[in-house]
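>>> I'd like to go over a predicted model; first the sequence, then the structure.
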Amino acid sequence: MEIVRVPEVHEFSPEDQKFLEASKAWFKIGFVPKMGRVLRVVPEFGRPYSRASRRAMSDGALSRAQKELIAAVVSAINVCEY
Amino acid sequence: MAGVTHALNAVADGLRLPPEFSPSSRTPLIPVMELGGEAPPEVRRVFEEMMAFYALDRPPAVFRWLARDPGFCQDYWAATREAFTERKLDRRTKEILALAASLTAKSDYGVDFHLREVRRLGLSEQGLTEAVEVVQCFNTVTKIADALQLQPDFDPRPGG
């Protein structure tokens, strides 16, 4: 059971709503993931963190697919269900 | 691949086996086999195979430990070699994933070993930077998710 209430997209500022809505295209999904919303609860943390994360996950010397595999391995080693 | 990496790291760090490539004051808690006359022929064959696989002049210490039980060592090496053999994923990508697993588990032995492997297999410094950035980001969000007990909202099998 989640120990915090995860806000809905409409509860965020217009700037944050815009970013959160864009995450649907980034992940090719029809909803805004909880993690994105949780990170934006404190925008002064969430905004720069999200920029850093998006930069880290973009195609570069490694492909995004390779980076998603790395993310999956980190999640597995940390036994993170989410 | 992540499973055998994690397990080999656990044994190597747990028994305080020295990293293969970095200076270390670690002393193994239990002696490991040296590559010499003490190894039976079937173990020497396995040692030679892994030295070729990793381009090393001696087998990794963790496998010299496993060689105390030749049958187990042979089979565990065969499984490890298979896990790291190029199939749909190339070997360098698999080593990048092993490095990510080692960093996440804070394995001195594993980070040392797989850092050398990714470089030997041609990963650029930019590629290495990007891999570590992803490790950093996902160690951040997995801890946040666990602390808040976030329930998954992704379908892990999109499209069935």
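Great, that's in hand. Numbering: from 1, shown residues only, chains lettered A, B, ... in the order given.

>>> burial check on A:V41, number of neighbours?
A:V41: 15 surrounding residues under other Cβ atoms under 10 Å in any protein chain shown. C-beta coordinates here come from the backbone N, C-alpha and C atoms, glycine included.

>>> surely it touches A:R5?
No - if you go by Cβ atoms under 8 Å, A:V41 and A:R5 don't touch, sitting 9.6 Å apart.

>>> can you tell me the centre-most residue of chain A?
Centroid-nearest residue in chain A, with Cα atoms, centre = their mean: A:G36, separated by 4.0 Å.

>>> identify the residues contacting that one.
By Cβ atoms under 8 Å, 6 or more residues apart in numbering or on different chains, the contact set of A:G36 is A:19-20, A:23, A:50.

>>> check which helix or strand covers the residue nearest to B:R58 when sequence neighbours are not counted.
Leaving aside its sequence neighbours, B:R58 sits nearest to B:L35 (Cβ to Cβ, 6 or more residues apart in numbering or on different chains; 5.1 Å). For B:L35, there is no host helix or strand (DSSP states H and E).

>>> show me what contacts B:L35?
B:L35 sits next to B:44, B:47, B:58-59, B:64 when contact means Cβ under 8 Å, 6+ apart.

>>> now B:R26
By Cβ under 8 Å, 6+ apart, the neighbours of B:R26 are B:16-19.

>>> PyMOL command for the buried members of those?
Only the buried entries of the contacts of B:R26 go into this PyMOL selection, using 16 or more other Cβ atoms under 10 Å in any protein chain shown:
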select buried, chain B and resi 17+18+19
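
>>> dump the contacts of B:R26 to JSON lines, plus pLDDT, distance to chain A and secondary structure.
Below are the contacts of B:R26 laid out as JSON lines (pLDDT from 0 to 100; distance: Cβ to the nearest Cβ, whole Å; DSSP: H, G, I helix; E, B strand; the rest coil):
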{"residue": "B:R16", "pLDDT": "97", "distance to chain A": "21", "secondary structure": "coil"}
{"residue": "B:L17", "pLDDT": "97", "distance to chain A": "20", "secondary structure": "coil"}
{"residue": "B:P18", "pLDDT": "95", "distance to chain A": "23", "secondary structure": "coil"}
{"residue": "B:P19", "pLDDT": "96", "distance to chain A": "19", "secondary structure": "coil"}
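
>>> circling back: do you know how far the residue nearest to B:R58 is from chain A?
Applying Cβ to the nearest Cβ, to the nearest Å, the value for B:L35 to chain A is 31 Å.

>>> and what of B:E20?
For B:E20, the distance to chain A - Cβ to the nearest Cβ - is 21 Å.

>>> out of the contacts of B:L35, which end up buried?
B:44, B:47, B:59, B:64.

>>> check the burial of the nearest residue in space to B:L17 that is not next to it in sequence by counting its neighbours.
Distances taken as Cβ to Cβ, 6+ apart put B:A61 closest to B:L17, at 4.3 Å, once the chain neighbours are dropped. By the criterion of other Cβ under 10 Å, B:A61 has 21 neighbours.

>>> secondary structure class for the residue of chain A most remote from its centre?
Within chain A, A:A61 marks the point farthest from the mean C-alpha position, 21.4 Å out by Cα atoms, centre = their mean. Three-state call for A:A61 (DSSP: H, G, I helix; E, B strand; the rest coil): coil.

>>> distance of it from B:M50?
Using Cβ to Cβ, to the nearest Å, A:A61 is found at 29 Å from B:M50.
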